[in-house]
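Asks: from the sequence below, what's the structure:
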Amino acid sequence: MEAKWTATTPVLVVGSGAAGLTAVINLIYAGIDTVVVTKSDLTASSTDWAQGGLAAVWDPGDSLEAHVQDTLVAGAGLCVEASVRTLVQEAPKALEWMMSIGARFDRGDNGEIDLHLEGGHSARRILHSNGDASGHEIEITLAKNVAAMDGATWNTGGQGSLKVYEDCELCDVLVDTSGRTCGATVLSETRGFGVISATAVILATGGIGQLWNATTNPEVANGSGLAAALRAGATGRDLEFMQFHPTIFVPPVKVPGDRGVLVSEAVRGEGAFLVDGAGNRVMEGVHPLKDLAPRDVVSAAEQEYMMAHGLDHLFLDATDFGEKKWKEKFPTIYELVSERGVDPIVEPIPVRPGAHYYCGGIATSMSGETRVPGLYAIGEVACTGVQGANRLASNSLTEALVMGNLVSKQLALSDLPKLCQHPAGQPAKIPEPVFIEPEVLLAIQKIMSRDVSVLRERKGLERAVQELAELPAAQTIVARALVSAALTREESRGTHRRLDFPERREEWVKHLDVSLAGKDRLEIEITQSVAN
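Replies: Numbering: from 1, shown residues only. Got it, this is the predicted structure:
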C-alpha cells in the first residue's frame, strides 16, 4: 500500500502508558531522537485507569527477598526468578525517579509514605497516590514531562528531539529481507497511512482486555501490538494466562460503551469481603488468606460459586468502612460506583470477575529485547517472566517503569550504537493495514467470554477454535493464539483454570511459545522447564 506520508527516526515508541512514556523521557535525556505514536490521546492508556498502586520495598521492616518470594508464589511456578529479582531490586529506584519528575505519593500524618497491603503480599509495600488514583498520577506526571519535550529541538546539551503523533494507530512492524526491524506502518486520523522508518521500534501497546466483554481495559487495549509483533516474527509466550480481576463492578443499569469500573484490590486489603446475596462469605475456607488470596484463586472461587448457585454476580461488602474512609481512601471508586447507582457506604457493591491484566505477551528480557533484531517490547505487551502464571498485585505499574528505564539504557549504551553500525535495509514489503472491525470484535468478545474466561474446558475451547476460524484470520491472530495455548496446557495453574484438568501438574512447569508459521498459521513450541 502506498504511504501518504513518511518519517524517519532512530527510535520509534508505540504506546503512551507508563512503560512507553518512561522510555521516551529517558531516551530524550540520553540524547536520542525519538518519535512516539499513540492510538488516541497521550493519556489514553490502562495506566491512567490503574487504582491499586505500585509495589516496592519501602519499609525497613520489609525485605527484597520477601517481595521476590511473594512474586514467585503468586506466579505459580512459571516466574523467571532472574527477572523477578531485577524487578524487585530496581523498583525503589524507579519510584524515586517518578518522584524526581513530579509524582506525588500519599503520606501519613508523620510525613512518611503511606504503605498499603494487597492480596498475595506479606508486607505493606504498596504506594498509592490520591487514594485510588495511582495510575492517573503516574500517567499525568509522565505525560506532562513528555508534552514539554514534544517538538523541542534539543539537539544540544545532550538531549534528543521528540515528535508525538496522537490519534495514530500501529498497523504493522516492518522488517527487512534479513528479518531485522526497520520501522512501522501507522494510520493517522489526520494524515492517513504512513511509514515511519526507525532503527529500533519499542512496542508499549498494553494488553488485550478488549477481547472480552467484561474488562477493566480501555478501548485501545485490543492486542494490536502483540499481533503486529507476531507478524514480524516475534515469539508470544504464556499467552493462555489472562488475569481476571475478581471485583469488576456490575452496575444496576448498564450504559452502552461505559468503562469497566474496577474495585481495587486495596479495598479488600482494607477489610472488604466477598458475599452472596444472603451475606454468606464466599472465600471462607477456600484459602488461608481468604479474601486476600492471590487474584487467580479469588476469581476462580467466585466463578465456581456463581456456577454452583446460578448467580450472575456476587457482592463486595465494605459497609464497615464508613463515609470518611470511603471518601478519603477510595474517592475515585466511590464516585464511579455512586454515579452508577450503588452507594458503597450503605450497601454491598455488585461485582464479578473481568479481564484485567495480561500475564502473557511478547517474549522479552527485562530490557525489552525480542528475538527480532531492533524490536523491543515493554510493559503489559511483554512477557518477561515476572508475572509467571499470575501477576502479584501492583507489580505491573512498577514493572512498566522499570522496563521503560532499562530499555532506554540498553539502547543508549549498547544496542543503538551497534544497530547503527549496520543500518537496516528496506522492508521486504509494505503490507495492507489490518484492524479488527467492530462486528468482528463483538464476535471475538462473545466467543472469548463464553469459552475462554476464568474457567475453561476442552469442549468450549474447541468450540472457540472452530468459531474463530470462521472470522477473518488476520483479525483474530491474538485470540486464536491464546486459545491454542489454552488447549495445549492440560492443567490448572495460575490464571489458567481447566475444569477437565483441575490439578496443577509438575510436567507443565513449562512455558508455551507461540509463533506464526507462514501468513497466519500458528505453531506452538514447549520450552524447557522453569527452574526457580
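
Asks: which residues of the stretch 51-200 of the chain score low on pLDDT?
Replies: Low-confidence segments of the stretch 51-200 of the chain (pLDDT under 70): 151-159.

Asks: change it to 50
Replies: Within the stretch 51-200 of the chain, the stretches with pLDDT under 50 are 153-157.

Asks: how about the helices in it?
Replies: Ranges of helices in the stretch 51-200 of the chain, per DSSP state H, counting those that start in this stretch, are 64-74, 81-100, 134-149.

Asks: wait, isn't Ala103 in contact with His136?
Replies: No: Ala103 lies out of contact with His136 (Cβ atoms under 8 Å); the separation is 10.6 Å. (Glycine included, C-beta is placed from N, CA and C.)

Asks: who has more neighbours out of those two?
Replies: Neighbours per residue, other Cβ atoms under 10 Å: of Ala103 and His136, the larger number sits with Ala103, 21 against 18.

Asks: do you know how far that one is from Asn145?
Replies: 10 Å (Cβ to Cβ, to the nearest Å).

Asks: so of the helices of the stretch 51-200 of the chain, which one's packed in deepest?
Replies: Stretch with highest mean neighbour count among those: helix 134-149 (a mean of 21; mean count of other Cβ atoms under 10 Å).

Asks: and that helix, C-alpha only, in CSV?
Replies: Provided in CSV are the C-alpha atoms of helix 134-149 (Å, rounded to 0.1, in the frame of the first residue of the first chain):
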residue,chain,number,x,y,z
SER,A,134,-2.2,6.0,41.5
GLY,A,135,-2.2,5.2,37.8
HIS,A,136,-3.6,8.6,36.9
GLU,A,137,-0.8,10.3,38.9
ILE,A,138,1.8,8.3,37.1
GLU,A,139,0.2,8.9,33.7
ILE,A,140,-0.3,12.6,34.1
THR,A,141,3.2,13.1,35.5
LEU,A,142,4.8,11.3,32.6
ALA,A,143,2.6,12.9,30.0
LYS,A,144,3.4,16.4,31.3
ASN,A,145,7.1,15.7,31.0
VAL,A,146,6.7,14.3,27.5
ALA,A,147,4.4,17.1,26.4
ALA,A,148,7.0,19.6,27.4
MET,A,149,9.5,17.8,25.2
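
Asks: enumerate every residue touching the closest residue to Thr181 other than its chain neighbours.
Replies: Excluding its sequence neighbours, the residue lying closest to Thr181 (Cβ to Cβ, 6 or more residues apart in numbering) is Gly374, at 3.4 Å. Residues in contact with Gly374 (Cβ atoms under 8 Å, 6 or more residues apart in numbering) are 180-182, 198-201, 419, 424.

Asks: want to try TSV for the residues you listed, with distance to Ala479 and neighbour count as columns?
Replies: TSV is the format used below for the contacts of Gly374 (distance: Cβ to Cβ, whole Å; neighbours: other Cβ atoms under 10 Å):
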residue	distance to Ala479	neighbour count
Arg180	28	19
Thr181	25	26
Cys182	28	25
Ala198	28	26
Thr199	32	22
Ala200	29	28
Val201	24	28
Leu419	33	20
Ala424	31	22
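
Asks: just give me the closest of these to Cys359.
Replies: Ranked by distance to Cys359 (Cβ to Cβ), the contacts of Gly374 are led by Val201 at 23.1 Å.

Asks: my guess is the closest one meets Gly15, correct?
Replies: No: at 11.0 Å, Val201 does not count as touching Gly15 under the criterion of Cβ under 8 Å.

Asks: remind me, longest strand of the protein?
Replies: strand 192-203 (DSSP state E).

Asks: the following helix or strand past that one - what's its average pLDDT?
Replies: Once strand 192-203 ends, the next helix or strand along the chain (criterion: DSSP states H and E) is helix 224-232. Across helix 224-232, pLDDT averages out at 96.

Asks: name the helices or strands packed onto helix 224-232?
Replies: strand 168-175, strand 192-203, strand 236-237, strand 361-363, strand 375-377, helix 477-488, strand 510-517 (3 or more Cβ pairs under 8 Å, 6 or more residues apart in numbering; DSSP states H and E).

Asks: one step back: identify the contacts common to Ala103 and His136.
Replies: Ser129.

Asks: pretty sure Tyr357 is in a strand, no?
Replies: Yes: if the criterion is DSSP: H, G, I helix; E, B strand; the rest coil, then Tyr357 is within a strand.

Asks: tell me the pLDDT at it?
Replies: 93.

Asks: quick one: it and Ser396 touch, right?
Replies: Yes: using Cβ under 8 Å, Tyr357 and Ser396 qualify as a contacting pair, with a distance of 5.8 Å.

Asks: so what sits against both of those two?
Replies: With Cβ under 8 Å, 6+ apart as the test, Tyr357 and Ser396 both reach 380, 387.

Asks: could I get the phi/psi values of Ile248?
Replies: phi -100, psi 130 (degrees, to the nearest 10).

Asks: which SSE is the nearest residue to Gly322 once chain neighbours are set aside in?
Replies: The shortest distance from Gly322 to any non-neighbouring residue, by Cβ to Cβ, 6+ apart, is to Ile345 (6.9 Å). For Ile345, there is no host helix or strand (DSSP H and E).

Asks: OK, contacts around Ile345?
Replies: 319, 321-323, 326, 334.

Asks: looking at these, which is nearest Leu292?
Replies: Phe321 (16.0 Å).

Asks: my guess is that closest one contacts Phe273, does it?
Replies: No: in this structure, Phe321 is not within contact of Phe273 by Cβ under 8 Å, at 11.7 Å.

Asks: just the C-alpha atoms of stretch 15-35, please, in CSV.
Replies: Taking C-alpha atoms only, stretch 15-35 is exported to CSV below (Å, rounded to 0.1, in the frame of the first residue of the first chain):
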residue,chain,number,x,y,z
GLY,A,15,2.1,3.5,23.0
SER,A,16,1.9,6.1,25.8
GLY,A,17,1.3,4.3,29.0
ALA,A,18,3.8,4.1,31.9
ALA,A,19,6.3,1.9,30.1
GLY,A,20,6.3,3.8,26.8
LEU,A,21,6.5,7.3,28.3
THR,A,22,9.2,6.3,30.8
ALA,A,23,11.3,5.0,27.9
VAL,A,24,10.6,8.2,25.9
ILE,A,25,11.8,10.6,28.7
ASN,A,26,14.9,8.6,29.3
LEU,A,27,15.7,8.3,25.6
ILE,A,28,15.4,12.1,25.2
TYR,A,29,17.6,12.7,28.2
ALA,A,30,20.2,10.3,26.7
GLY,A,31,20.3,12.4,23.5
ILE,A,32,18.4,10.0,21.3
ASP,A,33,15.9,11.5,18.8
THR,A,34,12.5,9.7,19.3
VAL,A,35,9.1,9.5,17.7
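
Asks: pull out the buried residues from that stretch.
Replies: Across stretch 15-35, burial judged by 16 or more other Cβ atoms under 10 Å covers 15-30, 32-35.

Asks: which ones among these are found in helices?
Replies: 18-29 (DSSP state H).

Asks: quick one on the thing from earlier: neighbour count: Tyr357 and Ser396, which is higher?
Replies: Ser396 (29 against 26).

Asks: after the helix or strand that contains the more buried one, which helix or strand is next?
Replies: Using DSSP H and E, Ser396 maps to helix 395-410. Next helix or strand after helix 395-410 toward the C-terminus (DSSP H and E): helix 416-421.

Asks: which elements pack onto that next one?
Replies: Using 3+ Cβ pairs under 8 Å, 6+ apart, helix 416-421 sits against strand 5-14, strand 192-203.

Asks: may I see the buried residues of it?
Replies: In helix 416-421, counting by 16+ other Cβ under 10 Å, buried: 416, 419.

Asks: averaged pLDDT, it. What do you get?
Replies: 87.

Asks: can you give me the offset of that helix from its chain's centre?
Replies: Averaging C-alpha positions (Cα atoms, centre = their mean, to the nearest Å) puts helix 416-421 30 Å from its chain's average.

Asks: contacts for it?
Replies: Under the contact criterion Cβ under 8 Å, 6+ apart, helix 416-421 has outside partners 10-11, 32, 199-200, 373-374.
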